[in-house]
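Student: just to be clear, the model below is a prediction. Sequence and coordinates:
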Amino acid sequence: MVTSKIIGAVEIGTSKVVVLIGEIVNEKTLNIVGMGVSSSRGVKKGEIIDFNAASDCTHAAIMAAEESAGVRADAVYLAQSGCHLETFFNDAEVTVKSSDNIVHRSDVRRLLSEAKSKQLPEYRAIIHHIRNGFILDGMPIDDPEHMEGHKLRVGYWNIHGSVQKMSDSIHIINGFGLQVEDLIVSSLASGKMVTTDEERKAGVLVLDIGSGSTDFVLFKNGYVVYSGVVAVGGDHITNDLSIGLRTNAKLAEMLKVKNGKATLEPKSKNDKVMLIGDLTIGDRSISRSAVCQIINARMDELFKLIRGDKHIAPLFSNRELASVVLTGGASKLNGIEDLGEKVFGLPVIKGENPSWVASDLASPDFSTALGLLYFGFSYKDESQFTEQRKQTKLIRGMKQLLGF
Amino acid sequence: MDSKQLLESTVRIKIIGVGGAGNNAVDRIRMDMEQLEGLNLACVNTDLKTLSDSPVGETHLIGRNITRGLGTGGDPELGRKAADSDREIIGRLVEGYELIFLVASVGGGSGAGISPIIADIAKKNGSLVIAFINMPFTFEGERRFKMADMALKELRAVSDAVIPLPNDMLLQEEAAQDSVLNAFSKADEWITRGVKSIWAILLNSGLINVNFSTLREVFSICGGKTLFGLGKGQGANFIQDALDDLVLCPLLHVPDFSKVADNLLVNIVGGTDLSMSHVQEIMNFVTEKFGSKENTVLGAVIDEGKTQTVEICVLGTTAAGNLRSFRPKHSISASRPHHTPVKKTPVVASKSLREQIPAGEARQNGQLEFLPTIQEELGFEGMDEQRGFFEETGRNEHEGFDLDVPTYLRRGIRIVI
């Protein structure tokens, strides 16, 4: 019998809302059947600041996606971003119980619940527990069950966020009559899409540079070892340009898209660009090097900020990373790889969505939404040790908290 | 007071330089200021050495028992104690002056510590306080930056208007080969032009004068960010030149400045050929850009010795914590008829102004009144543009600095447009 489940992926971004509808057939195949995009309102730096405005544009995008798919979504995977997200690492160790020193499933379960038991401050809720590899008597191991050893260790990256901020976005989806199946941190979703297994093994830093914020995630040995958000994105470039060149945000945005470049060009000293470019009143010429200087300063600072993060800096100094991958709208900026290579000292590439994605979804704008669908599709693989899906429980917990 | 005395009493204005940087600034602008009638200069410091070097006539040493005639060493707490110990001196300093301009740098201990107290005392004495505040470079370090930020907040709470002049921005203004001193001279120039412009409309009889109580009305809303912009035009197209210059005024493009004001004062100082239609053109442009006509006070003065030149000074105030509300709750012109039919142009447009307001009455009655206009509905985007893009979000702090402020400003990179 053919069973199919319709899932939706919703990313409420700073510049636009992206909704994809996917159909999971027989729990084996994922077909992307619908898409809706609307320009975003009421969201700044990745966080919802105007609930009604954000709600309206999200509903419009969901409606468009469902219309193009011709079906309604059963449940929604929702991306989370914004500065309220925080992470911490927590690990635990257990002694293998049985006398023959063979690791049993009960040992693993005991270990996992121990490692995840860290309490959170008030008004915070866990979004992800990301398990890193097991270590059995000092040896890294993927699946410890039935192996022999004394001490079993495991570490989790825990990503948690403000209950209030998360509930805002959940309310928006509920307001459309849909249930949120799971919250997924944007950087994880897009990071998974634009990197290959090999890259994640060798160590890769993925930067998803959006309009309002930059989400980053670090993969090492195939696991997520760190993630975070810096509330600086393409909007900041636009704002800097509009202040530095004394023009309005709209023209600054146009200038960024048309003439923006992340690297400095000494030879362009006298090179001028027109502000509007169609000889209308108010048009004036601007030195190209001024545009580049402003953008260069901002992007340079952003990269150095991430590179200098206390969890990331040691990985660079120990040469534990192989590459840096850029995605998100602002990664389309000219010369951004060159600047990145200078700051990170590693090969920097613009990420591409996997080859199975249709060409109209190939733009980095869709990485996060695709990642959400993929997450919804492949989630089961990662929950092999626990009978029940921990994440669903969290959502249920939050729903109780919010009173619905 | 009999009526003769009343007539003679003009508005008394004082410029007070606080702390080392403030003293120096007042010293530098002294030449321009001393010729202005009714304007007094004074310097206040804890440092006897700086004070005794000052060519300014009126100097006050404060905190004699706290710092023993030395500087505060960058400690605002010491500055505050010094000011507290000499409240009588400060009281005498500000007494009898209707309008007080404070000039200080909040990067130093005396500027940051003393100036809020002077502003407070002056305001309690009934003076109108406008502060020009020099902000330290961001690259001077987190401690100074925080201190300056704190002082700025304190000042906003007790002054009628606070005009921050960030060094980061002044650096943008100097030519590449200039020394740092020249950058400060730009700040001096702005202070001078701002003070002169307000002085002119209050004390020079001219086209449209503003009396002191009207000026006070403009500052009835305070505590928020201040809008301050200057524009100058010369030559055949002097009006358009001045408006272009005003739009490009760097003071209007820094995060610490307001983009739209709840109450607005527009001063126009022009040559003999400044006509009413010119004034109207400037008014239309300025009110559309920075606020609404209902809440704008206009002053225009003719400088007899000049032609084909105009200088515009825009000074606006916003209420504290009222960043979202675009329309102010009340209007300045009390006699404005309500609910009259919509008309886009000011009443006076049809007549020459000299007819409308006889010269003698100008001072008492010098406010232009406009019929109310229907304000265009502002879209969400338009609002963002004017209020500064990140205004509605919280500060984006990283190691004490606000990441929303352009990097090139914080790093001191000079941009030549």
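Tutor: Received, thanks. What you are looking at is a predicted structure, and each value in this text was computed from that prediction instead of being measured.
Student: for stretch A:173-186, which positions count as buried?
Tutor: Neighbour counts over stretch A:173-186 (16 or more other Cβ atoms under 10 Å in any protein chain shown) mark A:Ile173, A:Asn174, A:Phe176, A:Leu178, A:Val180, A:Glu181, A:Asp182, A:Leu183, A:Ile184, A:Val185, A:Ser186 as buried. Glycine gets a C-beta too; all of them are placed from N, C-alpha and C.
Student: and the helix or strand hosting the first one, how far out from the chain's middle?
Tutor: Taking DSSP states H and E as the definition, one finds A:Ile173 inside helix A:163-174. Its chain's C-alpha centre and that of helix A:163-174 lie 18 Å apart, by Cα atoms, centre = their mean, to the nearest Å.
Student: any weak-confidence spans in the stretch 101-250 of chain B?
Tutor: Applying pLDDT under 70 to the stretch 101-250 of chain B flags residues B:173-183, B:205-206, B:222-223.
Student: can you give the domain ranges for the chain?
Tutor: The chain I'm using is chain A. Chain A breaks down into these domains under automatic domain parsing: A:4-82+A:163-188+A:355-402, A:86-161, A:196-350.
Student: hmm, I had chain B in mind actually
Tutor: Recorded structural domains for chain B (assignment: automatic domain parsing) are B:11-200, B:219-375, B:381-411.
Student: how about the residue lying farthest from the centre of chain A, phi and psi?
Tutor: Computed with Cα atoms, centre = their mean, the residue of chain A farthest from its C-alpha average is A:Ser99, at 44.2 Å. Main-chain torsions, A:Ser99, degrees, to the nearest 10: phi -70, psi -20.
Student: distance of it from A:Glu148?
Tutor: The span separating A:Ser99 from A:Glu148 equals 12 Å under the rule Cβ to Cβ, to the nearest Å.
Student: next: B:Asp120.
Tutor: Distance from B:Asp120 to A:Glu148, by Cβ to Cβ: 76 Å.
Student: out of these two, which sits in the more crowded spot?
Tutor: Ranked by neighbour count (other Cβ atoms under 10 Å in any protein chain shown), B:Asp120 and A:Glu148 place B:Asp120 first, with 19 against 12.
Student: just the domains of chain B: most buried one?
Tutor: Ranked by mean neighbour count, those are led by domain B:11-200 with a mean of 21 (mean count of other Cβ atoms under 10 Å in any protein chain shown).
Student: next, the distance between the ends of that domain.
Tutor: Using Cα to Cα, to the nearest Å, the end-to-end distance of domain B:11-200 comes to 11 Å.
Student: likewise for stretch B:213-225?
Tutor: One end of stretch B:213-225 to the other measures 22 Å (Cα to Cα).
Student: near chain A, anything from that stretch?
Tutor: No: applying Cβ under 8 Å from any Cβ of the partner chain, one finds stretch B:213-225 separated from chain A by no less than 14.9 Å.
Student: need phi/psi at whichever residue of the stretch 101-250 of chain B sits closest to chain A.
Tutor: Residue of the stretch 101-250 of chain B nearest chain A, by Cβ to the nearest Cβ: B:Leu248 (5.0 Å). Backbone torsions of B:Leu248, given as degrees, to the nearest 10, read phi -90, psi 0.
Student: so is the helix holding A:Ile173 next to chain B?
Tutor: No: Helix A:163-174 stays clear of chain B (Cβ under 8 Å from any Cβ), getting no nearer than 11.9 Å.
Student: any idea which helix or strand comes after the longest helix belonging to chain B?
Tutor: Counting by DSSP state H, the longest helix found in chain B is helix B:180-203. Using DSSP H and E, the helix or strand that follows helix B:180-203 in sequence is helix B:212-218.
Student: now tell me what touches that next one from outside.
Tutor: Defining contact as Cβ atoms under 8 Å, 6 or more residues apart in numbering or on different chains, one finds that helix B:212-218 is touched by B:11, B:98-99, B:128, B:198, B:202, B:263-265, B:297, B:315, B:317, B:332, B:366-367.
Student: the strands in the stretch 51-200 of chain B, which residues?
Tutor: Listed in chain order, the strands of the stretch 51-200 of chain B (DSSP state E, counting those that start in this stretch) span B:58-61, B:99-105, B:128-135, B:161-166.
Student: gap between the last one and the chain center?
Tutor: If I follow you right, that is strand B:161-166. Remark: strand B:161-166 is offset 7 Å from the chain centroid, using Cα atoms, centre = their mean.
Student: quick check: angle from that strand to strand B:99-105?
Tutor: When axes from the mean of the first three to the mean of the last three Cα atoms, to 10 degrees is applied, the directions of strand B:161-166 and strand B:99-105 differ by 20 degrees.
Student: packing partners for strand B:161-166?
Tutor: Contact here means 3 or more Cβ pairs under 8 Å, 6 or more residues apart in numbering or on different chains; DSSP states H and E; on that basis strand B:161-166 packs against strand B:128-135, helix B:142-158, helix B:180-203, strand B:223-234.
Student: ok, now with 10 Å
Tutor: If you count contacts as 3 or more Cβ pairs under 10 Å, 6 or more residues apart in numbering or on different chains; DSSP states H and E, strand B:161-166 packs onto strand B:99-105, strand B:128-135, helix B:142-158, helix B:180-203, strand B:223-234, strand B:309-319.
Student: so which of these comes closest to A:Asn221?
Tutor: Across the helices and strands packed on strand B:161-166, A:Asn221 has its closest neighbour in helix B:142-158 (36.9 Å, Cβ to Cβ).
Student: quick one: the closest one to strand B:99-105, angle?
Tutor: Comparing the axes of helix B:142-158 and strand B:99-105 via the same axes, to 10 degrees yields an angle of 170 degrees.
Student: can helix B:142-158 be said to contact chain A?
Tutor: No: Helix B:142-158 lies apart from chain A when judged by Cβ under 10 Å from any Cβ of the partner chain; the minimum separation is 15.0 Å.
Student: how far off centre is that helix?
Tutor: So, by Cα atoms, centre = their mean, the centroid of helix B:142-158 is 18 Å from its chain's centroid.
Student: per-residue pLDDT of the closest residue to chain B within the stretch 301-404 of chain A, please?
Tutor: Using Cβ to the nearest Cβ, the point where the stretch 301-404 of chain A gets nearest to chain B is A:Glu301, with a distance of 4.5 Å. On pLDDT, A:Glu301 comes in at 92.
Student: contact partners for the residue nearest to it when sequence neighbours are not counted?
Tutor: Leaving out its chain neighbours, the residue that sits closest to A:Glu301 by Cβ to Cβ, 6 or more residues apart in numbering or on different chains is B:Thr407, at 4.5 Å. Counting by Cβ atoms under 10 Å, 6 or more residues apart in numbering or on different chains, B:Thr407 touches A:232, A:236-237, A:240, A:244, A:293-302, B:138, B:401, B:413.
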